[in-house]
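Student: following is a predicted model, sequence given first.
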Amino acid sequence: MYVAVKGGEAAIRNAHGLLADRRRGERSVPALRLDQIVEQLALGVDRVMSEGSLYDRELAALAIVQARGDMIEAIFLVRAYRTTLPRFGYTRPIDTANMLVERRVSATYKDLPGGQLLGPTFDYTHRLLDPELAAGADVAEPLRRETEPQAMPRVSAILAREGLIEPDGEMPQDHVPGDITREPMEFPMARDIRLQALSRGDEGFLLALGYSTQRGYARNHPFVGEIRIGEVELELDVPELPFAVPLGTVRVTECQMVNQFKGSAKAPPQFTRGYGLVFGQSERKAMAMALCDRALRATELGEDVVAAAQDEEFVISHSDNVQATGFVEHLKLPHYVDFQAELDLVRRMRAEYDARENPTKVEEKREAAE
Amino acid sequence: MRGQEARDQADRKAAMATLAQSSGDDIVRLWNEAGLPSEAELLRGPETGLVTMRGRIGGGGAPFNVGEATITRATVRLPSGQVGHCYALGRDKQKARLAAIADALWQDPARRNEVETKIIAPLQAALTTAHERRRAETAATKVDFFTMVRGED
């Protein structure tokens, strides 16, 4: 028998009204504008775009306000919005060598064409809270240095000249890039699909897994070959135009991780690579993605799979925080009927257990009851 | 003739790139100042959808899908017959419509120069200034290494 129970409509309505009130907070404090969030909480906006897998700053800012700053809720909102829009196509692959670079560092080469550009980084700050910021002090314009534009080849291209590093990842000639938004995931999966999943994966989860590889669980001796952040142009092939139509620019972060590799039955000793590419300025995420990408190539490179970070099904199935939060958080929704059934089951099992372990006591109990 | 056609295509693409990268507010302001006609039949849109951005494994390897971006497109036809298109990141429908009209006017030999000088050139100048400024600000954070010499010679 299935009994449907209704109720709670008024409670839900009022709870949502209360949520709207608490979200707005004290009315004497000015309401946040989206442009303030886009400009001043830019890295939070970038995280929502990257894990929401939708490049649109204003929508990400709206999601952050609507979610009261709860990033996973904001990412959830963005993912839900995406599903309402038609898809016009796949862009041509971006060319990160042609980026308008805002930051570019390498931990493997000191002197490299284009140089080391620190850009707007938290690195080398003292991590001391700044009371002047709290007081709303004016901020000086940044210094400028006029220079001729310099080509900035990717570090991987420089290393490749010696032949000691594997090439950029290739797929078979007729391979069509897989798309996890179109086809259900299957394991084992090709590297291109894995990278799509990692790019939208939860920063904290990937960070922890990347960290685990450094601590010895699938150690793979990483160096940051290069991190670059900046804007790249997007182009789309459309039937009505004889050339790829330019769409504008997006900011991305790219990380080339270079890993020492002692060689295996499948590959000679060389430097191998992990790759990270994410929307916005998201350096930690790009690095964690690159560490995970490399760890997940264990089978391809003939390494033993011994740690969580190398387990493709484990990593990819649990990297999506919208799926994860959905399944974890559904536990708080009413499970009254399930629980009643389990309660009944446990009562019966306990009665059987008591009868078996302590027959006299059960007998006494029964007599007392009679 | 082939060469001329290729040059025209490159110029048209450059104009579309400038429009796509510029803000809707800037386009509207220049449009009003230029007094260009904004009557056109809408053949499609303006409508917002998604494109999936692709990257390459390792930067230069096989393509893979990174994530989606919002994009708005419009197609218009001028009373004189030219059909113009716009595809631009974001959700600005007015920008998409005006940019499509600009693309259509650009294809009219009698109007091209006007569109180039009154719309495209000032937009491009603003973009170039912004890029140069960004480049110079980044260049100021370039690390100049110097070597510390210890001991005698």
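Tutor: That came through fine. Note that this is a predicted model, so its numbers are computed, not measured.
Student: report pLDDT for the residue lying closest to B:Ala40 once chain neighbours are set aside.
Tutor: Spatial nearest neighbour of B:Ala40, chain neighbours left out: B:Val76 (3.9 Å); criterion: CB to CB, 6 or more residues apart in numbering or on different chains. Just so you know, the C-beta spots here come from the backbone N, C-alpha and C atoms, and that holds for glycine as well. B:Val76 is assigned a pLDDT of 97 by the prediction.
Student: and if you look at A:Glu170?
Tutor: A:Glu170 is given a pLDDT of 86.
Student: what is the burial count for it?
Tutor: A:Glu170: 15 surrounding residues under other CB atoms under 10 Å in any protein chain shown.
Student: so it is in contact with B:Pro63, correct?
Tutor: No. The pair A:Glu170 / B:Pro63 is not scored as a contact, 10.7 Å apart, by CB atoms under 8 Å.
Student: wait, a strand at B:Gly55?
Tutor: Yes. B:Gly55 sits within a strand when classified using DSSP: H, G, I helix; E, B strand; the rest coil.
Student: may I ask you to confirm that it is in contact with A:Thr96?
Tutor: Yes. If you go by CB under 8 Å, B:Gly55 and A:Thr96 touch, sitting 7.5 Å apart.
Student: ok, the two, which is more surrounded?
Tutor: B:Gly55 (28 against 22).
Student: show me what the more buried one is bridged to.
Tutor: B:Phe64 (DSSP bridges).
Student: what sits in contact with each of A:Glu170 and B:Pro63?
Tutor: B:Ile57 (CB atoms under 8 Å, 6 or more residues apart in numbering or on different chains).
Student: so how far is chain A from the residue nearest to the spatial centre of chain B?
Tutor: The residue lying closest to the centre of chain B (CA atoms, centre = their mean) is B:Ala17, at 2.4 Å. Note on B:Ala17: its distance to chain A, by CB to the nearest CB, to the nearest Å, is 4 Å.
Student: how about that residue, secondary structure?
Tutor: helix.
Student: surely it touches A:Glu233?
Tutor: Yes. Between B:Ala17 and A:Glu233 there is a contact under CB under 8 Å: 7.3 Å.
Student: overlap in contacts of the two?
Tutor: Common contact partners of B:Ala17 and A:Glu233 (CB under 8 Å, 6+ apart): A:Pro246.
Student: what's the pLDDT at A:Leu77?
Tutor: pLDDT, A:Leu77: 98.
Student: please apply the same query to B:Asp108.
Tutor: 92.
Student: which residues are in contact with the nearest residue to it once chain neighbours are set aside?
Tutor: Nearest residue to B:Asp108, sequence neighbours excluded (CB to CB, 6+ apart): B:Gln82, at 5.3 Å. Contacts for B:Gln82 (CB under 8 Å, 6+ apart) come out as B:104-105, B:107-108.
Student: of the residues you listed, buried ones?
Tutor: B:104-105, B:107 (16 or more other CB atoms under 10 Å in any protein chain shown).
Student: I figured A:Ile165 hits A:Val258, correct?
Tutor: Yes. The criterion here is CB under 8 Å, and A:Ile165 meets it with A:Val258 at 6.8 Å.
Student: overlap in contacts of these two?
Tutor: Common neighbours of A:Ile165 and A:Val258, using CB under 8 Å, 6+ apart, are A:156, A:159, A:271-273.
Student: can you map out the strands along the stretch 1-150 of chain A?
Tutor: Secondary structure of the stretch 1-150 of chain A (DSSP state E, counting those that start in this stretch): strands at A:54-55, A:87-90, A:100-105.
Student: rebuild the ones you listed as TSV, extending it with mean pLDDT.
Tutor: Formatted as TSV, these follow (pLDDT from 0 to 100):
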stretch	mean pLDDT
strand A:54-55	98
strand A:87-90	96
strand A:100-105	96
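Student: can I get these in TSV with mean neighbour count?
Tutor: Formatted as TSV, the strands of the stretch 1-150 of chain A follow (neighbours: other CB atoms under 10 Å in any protein chain shown):
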stretch	mean neighbour count
strand A:54-55	26
strand A:87-90	16
strand A:100-105	20
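Student: okay, those strands in CSV with distance to B:Val51 next?
Tutor: CSV is the format used below for the strands of the stretch 1-150 of chain A (distance: least, CB to CB, whole Å):
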stretch, distance to B:Val51
strand A:54-55, 9
strand A:87-90, 5
strand A:100-105, 20
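Student: select, out of these, the one closest to chain B.
Tutor: strand A:54-55 (3.7 Å; CB to the nearest CB).
Student: host element of the residue nearest to B:Leu105 when sequence neighbours are not counted?
Tutor: Nearest residue to B:Leu105, sequence neighbours excluded (CB to CB, 6+ apart): B:Arg111, at 4.4 Å. For B:Arg111, the element it lies in under DSSP states H and E is helix B:109-115.
Student: list the contacts of that helix.
Tutor: Outside helix B:109-115, the residues touching it (CB under 8 Å, 6+ apart) are B:15, B:34, B:36, B:102, B:105-106.
Student: neighbour-wise, which of the shared contacts of A:Ile165 and A:Val258 leads?
Tutor: Going by other CB under 10 Å, A:Arg273 tops the shared contacts of A:Ile165 and A:Val258 with 27 neighbours.
Student: so that one sits against A:Glu166, correct?
Tutor: Yes. At 6.0 Å, A:Arg273 counts as touching A:Glu166 under the criterion of CB under 8 Å.
Student: still on that earlier bit, out of the buried ones among the contacts of B:Gln82, who's nearest chain A?
Tutor: Comparing those against chain A with CB to the nearest CB places B:Gln107 closest, at 11.6 Å.
Student: mind listing what that closest one touches?
Tutor: Residues touching B:Gln107, when contacts are defined by CB under 8 Å, 6+ apart, comprise B:12, B:82, B:84.
Student: now pLDDT and secondary structure too, for the residues you listed, in JSON lines please.
Tutor: Listed next are the contacts of B:Gln107 as JSON lines, based on pLDDT from 0 to 100; DSSP: H, G, I helix; E, B strand; the rest coil:
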{"residue": "B:Arg12", "pLDDT": "95", "secondary structure": "helix"}
{"residue": "B:Gln82", "pLDDT": "94", "secondary structure": "coil"}
{"residue": "B:Gly84", "pLDDT": "96", "secondary structure": "strand"}
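Student: list the contacts for residue 23?
Tutor: Reading this off chain A. With CB under 8 Å, 6+ apart, A:Arg23 has these contacts: A:65-66, A:68.
Student: um, chain B though
Tutor: Taking CB under 8 Å, 6+ apart as the criterion, B:Ser23 is in contact with B:Lys95.
Student: got phi/psi on it?
Tutor: Torsion angles at B:Ser23 (phi, psi; degrees, to the nearest 10) stand at phi -80, psi 150.
Student: per-residue pLDDT, it?
Tutor: In this model, B:Ser23 is scored at 96, pLDDT.
Student: let me see the domain layout of chain A.
Tutor: With automatic domain parsing as the criterion, the domains of chain A are listed as A:19-82, A:96-121+A:150-168+A:178-319.
Student: possible to save those as CSV with distance to B:Ala6?
Tutor: Shown next, in CSV, are the domains of chain A (distance: least, CB to CB, whole Å):
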stretch, distance to B:Ala6
domain A:19-82, 31
domain A:96-121+A:150-168+A:178-319, 10
